[in-house]
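> Quick one, structure for this:
(one chain, ligands or ions: 1)
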Amino acid sequence: MSTKKIIAIILGVVAVLGLIVALFVGAIFWFVFHTIGSSEAADTARTYLRSNEKLKKNASATATTQRGVDTIAAEQMRDYLTFIASDEMEGRDTPSRGLDTIAKFLAMNLTRWGFKPAGDNGTFLQRIDLRRDRIDATQTRVELNGRVLTAGRDYLPAGGAGEIKSGQLVFAGNGWYLKSKDIDAYRGIDPTGKIAVIFGTPNLSPRGISRADFGKQGDNYLNANDYARKRGVVGIIYVPDFQYLANWERNRQRIMERGSTVVAKFQTPNTAPLPGIVITPEIANALFTGESQSASGIFNASYGTEMPAPFLLRSAKSVSMNILSSYETVPTQNVVAVWEGGDPVLKNEYVALGAHYDHVGICAPGTDDPICNGADDDGSGTTALLSMAEALAKAPTRPKRSVLFVWHCGEEKGLWGSRYFTDYPTIPLDKIVTQLNIDMIGRSKKEGDTEPRNKDLSGPNEIYVIGSKMMSTELGDLSESVNKSFLNLSFNYRYDDPADPNRFFFRSDHYNYARKGIPIIFYFDGVHEDYHRPGDEPQKIDYVKMERVARTVYLTLWEVANLAARPKVDKQLPAQLNR
Ligand SMILES: [Zn+2]
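Next up, the predicted model:
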């Protein structure tokens, strides 16, 4: 064979073998693709979906990071609250130096973080003038049938200053007018120009009356002072209850040494207190000597169901009062700041955040632990707002609407700061689309806690949410969905009922915003063993819970701030809440 032929044969064999191999490999490929190909595709799909989910998660994580939520952290809150609720602040009474110090501490941080001052005259402080009246014991004179009574021992001044030369006395039950219970302290009697003798104490409502019985002030009820004034009574003598008598010494100190403090702008001629005194049982006995009913008889009856009918005391009895007092003006303040929104139009609207930075002061004088630190109430809200302010300042993006921060004073005195802010707002109230109020979010009920006073305290992953659905369905839904898609705390709506006997809806600052038609949400952890006691201290706070609640409120704030249209108010505030 020639070399050429041999090469041709070899090439032919290789070609045939190549064809066989090619067919074989092809068959294998065909087999592989048609049997396991489908599961491989599924795997690929799953991998794709996983990475997509990751992307989505990353996207929402990025969104919350963009909003600065991670800045709000347990350790940071511990730092702030340890200072805010320290003994040095002496319980942040309104007014007090401790309260003023915290106001400056808040303002200092807000300045550093670039907030816009929204108090008075380009500052973070909205000044509130208080009027402090103090009885002048050396000049005050009260006489009963010619006997000069001693202030502090026989009586305590209990009203405004003024002179009553002499007036006939009229017994007027508890002094109230209350339509729903058919109470009229002066039924069948003309008390004009007379001094009323009332069994009860100033500012105390009649026994056995719940908030639901009140209705609208003026039309449906008047307290003892206001009703007496309306009926032309010139002065009031109060015969106090057991509780007042038991605390006589404390009341004496409060009235005669510290004086009473009110917000000057809230006073009106119709509600100014009439001159009055609170007397001891001994003086009460002397007052009712020779009358158809004895003082002790009426006193006992006042604890029963039926108060005796009003009657005139014998005209021979005479009481004269000349109560002198001096007053001074004492300033206090709300702290008000704005974080401007990023949308050129929507930034003219505000989502408001509120907490009260005051507490009840030195509440147990003379004991080892005299200071009510108010770590939970409402150091926790004060701190949460500060953390949220820091988070906004450090976030890479701005919410569309502006955020209004108001740290209220005087909440513990009767919602002074929020009433003042909503009566004398520093920004237009109609531009506030929602108010989120935080009052106590720092305590949690631990497993196995059997202390009865903690029975209504919320758990570590739980918070009471009040009012979110009362005025705006949309706001209620938004609040729910933010929580569900984020930390999924357990929102407890137990107190979200206008008929709730605890009346929490009236008991914090959001009430004054709701009163002005602004939809609100109130976050609250529930009362506990240290509520309004010296034991409400920073080391007892559950900072992890605080972080989780504050982050949830913060993201709720962002969602409201970025809504295309403000939350629609589609419901009237329930009648019981509208007084
Ligand atoms: Zn509070």
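
> residue ranges for the strands of the stretch 401-550 of the chain, please.
Per DSSP state E, counting those that start in this stretch, the stretch 401-550 of the chain carries strands over the ranges 402-408, 432-438, 462-466, 490-492, 520-524.

> Compile these into JSON lines and extend it with columns for mean neighbour count.
(Each C-beta comes from the backbone N, C-alpha and C, glycine too.) Compiled in JSON lines, the strands of the stretch 401-550 of the chain are given as follows (neighbours: other CB atoms under 10 Å):
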{"stretch": "strand 402-408", "mean neighbour count": "27"}
{"stretch": "strand 432-438", "mean neighbour count": "27"}
{"stretch": "strand 462-466", "mean neighbour count": "23"}
{"stretch": "strand 490-492", "mean neighbour count": "16"}
{"stretch": "strand 520-524", "mean neighbour count": "27"}
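
> Make JSON lines out of these and add mean pLDDT and distance to the ion.
Formatted as JSON lines, those follow (pLDDT from 0 to 100; distance: least, CB to the ion, whole Å):
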{"stretch": "strand 402-408", "mean pLDDT": "98", "distance to the ion": "10"}
{"stretch": "strand 432-438", "mean pLDDT": "98", "distance to the ion": "9"}
{"stretch": "strand 462-466", "mean pLDDT": "97", "distance to the ion": "13"}
{"stretch": "strand 490-492", "mean pLDDT": "98", "distance to the ion": "18"}
{"stretch": "strand 520-524", "mean pLDDT": "97", "distance to the ion": "9"}
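
> Which helix or which strand is home to residue 355?
For residue 355, the enclosing helix or strand under DSSP states H and E is strand 350-356.

> That strand relative to strand 432-438, how many degrees between them?
The directions of strand 350-356 and strand 432-438 differ by 30 degrees, with axes from the mean of the first three to the mean of the last three CA atoms, to 10 degrees as the criterion.

> Tell me which other helices or strands whichever helix or strand comes after strand 350-356 touches.
Later in the chain than strand 350-356, the nearest helix or strand by DSSP H and E is helix 380-394. Using 3 or more CB pairs under 8 Å, 6 or more residues apart in numbering; DSSP states H and E as the contact criterion, the elements in contact with helix 380-394 are helix 74-84, helix 97-112, strand 325-339, strand 350-356, strand 402-408, strand 432-438, helix 543-562.

> re earlier: between the strands of the stretch 401-550 of the chain, which gets nearest to residue 105?
When the strands of the stretch 401-550 of the chain are compared by CB to CB, strand 402-408 sits nearest residue 105, at 10.4 Å.

> now that closest one, how far from the centre of its chain.
Taking CA atoms, centre = their mean, to the nearest Å, one finds strand 402-408 lying 14 Å from the centre of the chain it belongs to.

> quick one: strands adjacent to it?
strand 325-339 (antiparallel), strand 350-356 (parallel) (DSSP bridges).

> Show me what from this structure comes close to the ion.
Residues of the chain lying near the ion by CB under 5 Å from the ion: 377-378, 439.

> The helices and strands packed on helix 380-394 into CSV, with extra columns for distance to residue 197?
CSV is the format used below for the helices and strands packed on helix 380-394 (distance: least, CB to CB, whole Å):
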stretch, distance to residue 197
helix 74-84, 46
helix 97-112, 39
strand 325-339, 22
strand 350-356, 38
strand 402-408, 38
strand 432-438, 42
helix 543-562, 51
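
> circling back to that earlier point, closest to residue 90 out of the strands paired with strand 402-408?
strand 325-339 (14.4 Å).

> tell me which residues of the closest one are tucked away?
Neighbour-count burial for strand 325-339 flags 325, 327, 330, 332-339 (criterion: 16 or more other CB atoms under 10 Å).

> pLDDT added to those, as CSV?
Below are the buried residues of strand 325-339 laid out as CSV (pLDDT from 0 to 100):
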residue, pLDDT
325, 87
327, 88
330, 96
332, 98
333, 98
334, 98
335, 98
336, 98
337, 98
338, 98
339, 98
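
> low-confidence ranges in the stretch 51-200 of the chain?
Low-confidence regions of the stretch 51-200 of the chain, defined here as pLDDT under 70, cover residues 51-59.

> In it, which residue sits closest to the ion?
Going by CB to the ion, the ion is nearest to residue 92 of the stretch 51-200 of the chain, at 11.1 Å.

> Pretty sure residue 367 sits against residue 534.
Yes. Residue 367 lies in contact with residue 534 (CB atoms under 8 Å); the separation is 7.5 Å.

> rewinding a little: now the residues of the chain next to the ion in JSON lines, with neighbour count?
Output for the residues of the chain next to the ion, formatted as JSON lines (neighbours: other CB under 10 Å):
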{"residue": "377", "neighbour count": "30"}
{"residue": "378", "neighbour count": "33"}
{"residue": "439", "neighbour count": "25"}
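
> quick revisit: can you tell me which of the strands paired with strand 402-408 comes nearest to residue 210?
Going by CB to CB, the one of these nearest residue 210 is strand 350-356, 25.2 Å.

> in the closest one, what's buried?
By neighbour count on 16+ other CB under 10 Å, the buried set for strand 350-356 is 350-356.

> Which one of those is nearest to the ion?
Among the buried residues of strand 350-356, residue 356 lies closest to the ion (CB to the ion), at 5.6 Å.

> and the gap between the closest one and residue 111?
As for residue 356, its distance to residue 111 is 22 Å (criterion: CB to CB, to the nearest Å).

> what's the answer for residue 495, then?
The spacing between residue 495 and residue 111, counted by CB to CB, is 37 Å.

> what about those two, which has more around it?
residue 495 (20 against 13; other CB atoms under 10 Å).

> re earlier: I'd like to know which of the helices and strands packed on helix 380-394 is closest to residue 372.
Comparing those by their distance to residue 372 (CB to CB), the top pick is helix 97-112, with 11.1 Å.

> In its sheet, which strands sit next to the helix or strand just after that closest one, and in what direction?
Going down the chain from helix 97-112, the next helix or strand is strand 116-117, by DSSP H and E. Strand pairing for strand 116-117, using DSSP bridges, gives strand 325-339 (antiparallel).

> how much distance is there from the partner strand to the middle of the chain?
The answer for strand 325-339 is 19 Å, by CA atoms, centre = their mean.

> Also compute the angle for that strand relative to helix 543-562, please.
Angle of strand 325-339 versus helix 543-562, following the same axes, to 10 degrees, is 70 degrees.

> can you give me the angle strand 325-339 makes with helix 380-394?
Using the same axes, to 10 degrees: strand 325-339 against helix 380-394 is 40 degrees.

> what's the spacing between residue 517 and the ion?
Residue 517 sits 23 Å away from the ion, taking CB to the ion, to the nearest Å as the criterion.
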